[in-house]
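# prediction below, plus the sequence it came from.
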Amino acid sequence: MFTLNECVTNALEYNYSVRQAGNALKATRSDVTPAFGSMLPQISASAGNAWNSGLTIDPVTNEVRFNNLSTANGGLGFGMTLFDGFASLNTWRQAKVNVAISQYQFENARNTVALNTASQYLSILLAKEAEKVAEEQVKLSEGMRRRAEQLVQAGAAPENELLQMDAQVARDEQRLLIAQNQTNLAYLALAQSMGVEPGSFEVADMSKAEMEVTKVLAIRPTQIFESAADKQPNIQAASLQVESARLGVKVAKARRLPRLSINGQIGTSYSDLAKKVTGSNSVIVPVGYWDNGGTQVPVFTEYSVPILSPMSFSDQVYENQRRYIGLNVSIPLFSGFQVQGAVNRSVVNVMNAALQLEQERDNFEQSVQRAHADASAAWSQYEAAKKSLAASQKAMDDAQVRRTEGMMTIYDFNAVQNTYLAAVSDVLRAKYDAQFKAYILKFYLQNPLKGTPNE
């Protein structure tokens, strides 16, 4: 047995529009972190290795070589915007506002589904009531037919009255089939909205709905509007759209201001042909001659020749370090009116957002007024229909007695019966119409489906 709130919960979990609105909310939340991250340092690392052959320049020793060479390099760099006219800050703030907008749009989608589910739920209750009335009417007509058959057999009534009762029973059975079909269709609509198998559940009755209708009608439309306007998700979303648009103006205007940034890098390199001095050897070599009376005497000198050894990878990584840091400023002078155009569009967006907010408030005020008037009219119709039904019930009771005693023709009885059935249908329709329109007012009061008799 499903209560109204359980049906609403199931419909909210199944509805595709609600789930899509939830995904849109997740998407806008994912924009907040990157917007904040744009204000933080951007850090990157790089590494590479290369193999060279033929004529090449060693990037470590800057020597021109004509042999195979293997080199490697690596580095760590960073960059950060120090000032951009607060464009990044306002973009981050705008992203957070957009999350709140998506949250209210998500809530508005949920409210729409909840109202539709309440309408389908009440349609089932109406169909079930109509089906009960049709069943009772079939039983009544069958009893009247048996009475007519007895009168015909006793010769107290013409045979055509029995034929008329047969026709009446057939019509009442047809009404019952129609009512049963309406109940099945109402259940099918609700089952499809919840994503469950038709026939797998029943709905609970609502016995205290009449009292709730009178409670909500006691509140004036102006009180409902003043109390609920700023709580409506669509109005709250429109209000935040104005704030988001204003932040967009600040972001656009920031492009007119200078931009200051800092960046730096630390790196190193390696070459498999790089060498280092590990010692020296003394070498004596002739440097010339001197004449000693016609005899050439060689002259020698001593040189220190360095001893070169391959340089290890760790030594090269340490000794080949290079560091860089820079400060950059960019001053916009002329951008072909692109900045001014963006500012103008942002200002227009603010004006449109403000108009949308005003329209949402006006629409909500008009909706409250219409809903209150509709609910009041539906309640008045319900009260009038109950009075009509009471009179029709008396006429029907009297007609049954007179018909049983043979004091009323079948034609007159059918006329009274049809009037009674119409009065019953009017009461049922007016009752559930008043209930549903009262629920609409409760939604406007931001109290959807709370305090219902099913809770």
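Yep, that arrived.
# ok, and the closest non-adjacent residue to A11?
T117 (4.4 Å; Cβ to Cβ, 6 or more residues apart in numbering). (Glycine included, C-beta is placed from N, CA and C.)
# what helix or strand is the one you found on?
helix 87-153 (DSSP states H and E).
# which elements pack onto that helix?
Applying 3 or more Cβ pairs under 8 Å, 6 or more residues apart in numbering; DSSP states H and E, one finds that helix 87-153 contacts helix 4-14, helix 16-30, helix 32-37, helix 159-194, helix 233-253, helix 338-404, helix 410-444.
# try it again at 7 Å.
Taking 3 or more Cβ pairs under 7 Å, 6 or more residues apart in numbering; DSSP states H and E as contact, the helices and strands that helix 87-153 lies on are helix 4-14, helix 16-30, helix 32-37, helix 159-194, helix 233-253, helix 410-444.
# look up phi and psi at F2.
Backbone torsions for F2, taken as degrees, to the nearest 10, come to phi -90, psi 130.
# give me the contact list for the longest strand seen in the chain.
Longest strand in the chain by number of residues, with DSSP state E as the criterion: strand 275-292. Residues from elsewhere that reach strand 275-292, judged by Cβ atoms under 7 Å, 6 or more residues apart in numbering: 296-311, 315.
# what subset of those is buried?
Neighbour counting over the contacts of strand 275-292 (16 or more other Cβ atoms under 10 Å) leaves M311 as the buried ones.
# on that earlier part again, in its sheet, which strands sit next to the longest strand of the chain, and in what direction?
Neighbouring strands of strand 275-292 in its sheet, by DSSP bridges, are strand 295-310 (antiparallel).
# care to break this structure down by domain?
4-40+84-257+332-444, 42-78+258-268+312-327, 275-310 (automatic domain parsing).
# which one of those has the poorest average confidence?
Comparing mean pLDDT over the domains of the chain, the weakest stretch is domain 275-310, at a mean of 81.
# and that one, end to end?
4 Å (Cα to Cα, to the nearest Å).
# same question for stretch 217-231.
End to end - Cα to Cα - stretch 217-231 spans 20 Å.
# G74 sits in which helix or strand?
strand 69-83.
# and that strand, which residues are buried?
Going by 16+ other Cβ under 10 Å, strand 69-83 has these buried residues: L69, T71, A72, N73, G75, T81.
# contacting residues for the nearest residue to S119 once chain neighbours are set aside?
Among residues not flanking S119 along the chain, F436 sits closest, at 5.7 Å (Cβ to Cβ, 6+ apart). Applying Cβ under 7 Å, 6+ apart to F436 gives the contacts A118, S119, L122.
# just want the angle from the strand holding G74 to helix 87-153.
80 degrees (axes from the mean of the first three to the mean of the last three Cα atoms, to 10 degrees).
# contacts for strand 69-83?
41-52, 56, 58-60, 88, 259-273.
# can you check stretch 157-168 too?
By Cβ under 7 Å, 6+ apart, stretch 157-168 touches S141, M144, R145, A148, E149, L151, V152, G406, I410, N414.
# distance of the fifth one from E142?
The spacing between E149 and E142, counted by Cβ to Cβ, to the nearest Å, is 11 Å.
# who's in contact with F225?
F364, E365, V368.
# what's the burial count for the residue nearest to D412 when sequence neighbours are not counted?
Spatial nearest neighbour of D412, chain neighbours left out: A399 (7.4 Å); criterion: Cβ to Cβ, 6+ apart. By other Cβ atoms under 10 Å, 21 other residues sit near A399.
# wait, A399 sits on M408?
Yes. Contact criterion Cβ atoms under 7 Å: A399 and M408 qualify, at 6.0 Å.
# for N414, give me its contacts.
Q168.
# for R175, see how far away it is.
Distance from N414 to R175, by Cβ to Cβ: 13 Å.
# repeat that for N10.
N10 is 32 Å from R175, by Cβ to Cβ.
# kindly report the same for L260.
Taken as Cβ to Cβ, the span from L260 to R175 is 83 Å.
# more neighbours: these two, which one.
Remark: of L260 and R175, R175 carries more neighbours, 19 against 16, as counted by other Cβ under 10 Å.
# look up the closest residue to that one, ignoring the ones flanking it.
With sequence-adjacent residues excluded and distances taken as Cβ to Cβ, 6+ apart, R175 is closest to A134, at 4.8 Å.
# doesn't L176 make contact with that neighbour?
Yes. Using Cβ under 7 Å, A134 is in contact with L176, at 4.0 Å.
# which of those two has more residues huddled nearby?
Shown here are A134 and L176; by other Cβ under 10 Å, A134 has more neighbours (22 against 18).
# OK, contacts around that one?
By Cβ under 7 Å, 6+ apart, the contact list for A134 reads R175, L176, A179.
# distance of R259 from K253?
13 Å.
# for stretch 265-273, output the C-alpha coordinates as CSV.
Output of stretch 265-273 as CSV, limited to C-alpha atoms (Å, rounded to 0.1, in the frame of the first residue of the first chain):
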residue,chain,number,x,y,z
GLN,A,265,61.9,27.2,-14.1
ILE,A,266,64.7,24.9,-12.7
GLY,A,267,66.2,22.4,-15.0
THR,A,268,69.3,20.2,-15.7
SER,A,269,70.8,18.1,-18.5
TYR,A,270,73.0,15.1,-19.2
SER,A,271,75.4,14.1,-21.9
ASP,A,272,77.1,10.7,-22.2
LEU,A,273,80.2,12.3,-23.7
